[in-house]
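Sharing a sequence plus its predicted fold:
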Amino acid sequence: MVPFGGWNMPVQYRPILDEARTVRTKAGLFDLGHMGRVAVRGPQAEAFLQRLQTNDAAAIPPGRIRYSMILNQEGLTQDDILVYRNPRNDGFFVVINAGNCARDLGIMRDVAKGFDVVVDDQTHRLGMIAIQGPLSQQITQRITKGDLAALKYYAWMEATVCGIPMTLSRTGYTGEDGFEVYVPTGHEKQVWDAFLAAGSADGLLPIGLGARDTLRHEAGMPLYGHEIDETTNPIEAGLDWAVKMNHDFVGRAALEQVVQRGGTGRKLVGLTSTSKRCPRQGYPIVRGGQQIGHVCSGNISPTLDTNIATAYVRTEFATVGTALEFLVRDKAEPCVIAPLPFYKRAR
């Protein structure tokens, strides 16, 4: 157990690589109680979200979810978030990162001053438990009333889990199929234990933060504080698909200038390495003895059986297949630019 974003969180229950393989081949259970959970409602809830974040909230159908970002006026990333339109079309729900929760709520409440909207922090009134892996649907269905097969990816619905009315979504942060349940406080342990009992014959096991990081990294999903932070923008991070320029969000003008300039001169890329040393966050990336970038995240990939990393490098060196090096205590180790994501499940 370690401190993480103001919470005590499990890094691992068993060896991290074993946990990652469990999620890829069977299913794993995650305690996500540390994530921020915020309801947004009121006559101007949609208009408020259009100002707050980069994606087009007006285009989200009832019961669907979109990935998005909160930026500052300079177009730099304050957080990446998920925006949910309620299944009954009576408001929205936003999931934010634990470490940014206080800052995000401050930003949301500041933006809300210009709108007829209520920003309701429900983090301590709702638990959040996720199951991820190829067996997640069949396990979850055993304790759920509601047709999970009919629930699309990046959608959510009202359901009854363990006899308790709650909401259930189908997103995930591992690259696998899976579900999240939003549990009324006081019932978290009951639901957690029910999941483990329902999945015991299928090999369902609890999974910690270490394997979660490895899994999201293989799937090419950014982690705040690594691939994205307050020094990066969505264009260079390859997240421009979550930016819709058809509404006036905070930071739009700055991003338009980045686009007009043709970028920032750097780009987020994937790296693989057969070195005995694994590239880690902060390691310099060099070409011909000159530093051209730095590592954002590095892991040993149990799925690909090699070292993987993400890095920002100068745009002219960002082509897939380009041979580079990373430095470990001034010793150069080989790596090569690889396409992202490193892993994509068969559908």
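The structure has been received and is ready for your questions. Just so you know, these numbers come straight off a predicted model, no measurement behind them. Numbers count the residues shown, from 1 in each chain.

could you list every residue that touches the spatially most central residue of the chain?
By Cα atoms, centre = their mean, the chain has its centre lying nearest to Tyr173, at 5.3 Å. Contact analysis of Tyr173 by Cβ atoms under 8 Å, 6 or more residues apart in numbering lists Ala130, Gln132, Arg212, Leu215, Arg216, Ala219, Met221. C-beta coordinates here come from the backbone N, C-alpha and C atoms, glycine included.

now Thr303
Counting by Cβ under 8 Å, 6+ apart, the residues that Thr303 touches are Ala20, Arg21, Arg24, Glu218, Phe342, Tyr343.

which phi and psi does the fifth one have?
Phe342 adopts backbone torsions of phi -70, psi -30, taken as degrees, to the nearest 10.

How about the first one?
Taking degrees, to the nearest 10, you get phi -60, psi -40 for the backbone angles of Ala20.

okay, now it: neighbour count?
By other Cβ atoms under 10 Å, 26 other residues sit near Ala20.

ok, now the one 5 residues further on?
Neighbours of Thr25 under the rule other Cβ under 10 Å: 14.

now the one 10 residues further on
Neighbours of Met35 under the rule other Cβ under 10 Å: 20.

If you rank the contacts of Tyr173 by neighbours, which is first?
Leu215 (31 neighbours).

Determine the three-state secondary structure at the residue lying closest to that one once chain neighbours are set aside.
The shortest distance from Leu215 to any non-neighbouring residue, by Cβ to Cβ, 6 or more residues apart in numbering, is to Thr174 (3.9 Å). Assigned with DSSP: H, G, I helix; E, B strand; the rest coil, Thr174 falls in the coil class.

what's the burial count for Thr174?
Other residues close to Thr174 by other Cβ under 10 Å number 27.

thinking it is in contact with Ala219, fair?
Yes - the pair Thr174 / Ala219 is scored as a contact, 6.2 Å apart, by Cβ atoms under 8 Å.

Now do the domain split for the chain, please.
2-216, 265-342 (automatic domain parsing).

Is Pro341 within a helix or a strand, and which one?
Of the helices and strands defined by DSSP states H and E, none includes Pro341.

pretty sure it contacts Arg216?
No - if you go by Cβ under 8 Å, Pro341 and Arg216 don't touch, sitting 9.7 Å apart.

and the nearest residue to Asn307 once chain neighbours are set aside, how many neighbours does it have?
Take Asn307 and drop its neighbours on the chain: the residue closest to it by Cβ to Cβ, 6+ apart is Ser273, 4.3 Å away. A count of nearby residues for Ser273, using other Cβ under 10 Å, gives 21.

go on, the one 4 residues further on?
Applying the criterion other Cβ under 10 Å, we find 15 residues in the vicinity of Arg277.

How about Asp116?
Asp116 - counted by other Cβ under 10 Å - has 11 other residues nearby.

please renumber so the chain begins at 30
Renumbered: residue one is now 30, and that last one reads Asp145.

and it, what does it touch?
Per Cβ under 8 Å, 6+ apart, neighbours of Asp145: Gly71, Pro72, Gln73.

So which of these is the closest to Glu259?
Using Cβ to Cβ, Gln73 comes nearest to Glu259 of the contacts of Asp145, at 27.5 Å.

Just want to check the distance between Trp221 and Met157.
11 Å (Cβ to Cβ, to the nearest Å).

got it, and Glu362?
From Glu362 to Met157 the distance is 39 Å (Cβ to Cβ).

Please apply the same query to Arg117.
20 Å.

more crowded one of those two?
It is Met157, of Arg117 and Met157, that has more neighbours when counted by other Cβ under 10 Å, with 20 against 9.

Report the contact partners of the closest residue to the more buried one other than its chain neighbours.
Spatial nearest neighbour of Met157, excluding adjacent residues (Cβ to Cβ, 6+ apart): Leu61 at 4.1 Å. Going by Cβ under 8 Å, 6+ apart, Leu61 touches Met157, Ile158, Ala159, Glu209.

taking those one by one, which sit in helices?
Among the contacts of Leu61, DSSP state H puts none in helices.

Out of these, which is nearest to Gln319?
For these, the nearest to Gln319 is Ala159 (42.7 Å; Cβ to Cβ).

For the closest one, name its beta-bridge partners.
Note on Ala159: beta-bridge partners by DSSP bridges are Phe59, Glu209.

For Ala184, give me its contacts.
Here Ala184 is in contact with Gly92, Arg93, Ile94, Ser198, Arg199 (Cβ under 8 Å, 6+ apart).

that older thread, let's see if you can find the most crowded of the contacts of Thr332.
Ala49 (26 neighbours).

Report the separation between it and Asn129.
25 Å.

which SSE is Asp222 in?
helix 217-228.

That helix: how far from the chain's middle?
How far helix 217-228 lies from its chain's middle: 24 Å, per Cα atoms, centre = their mean, to the nearest Å.
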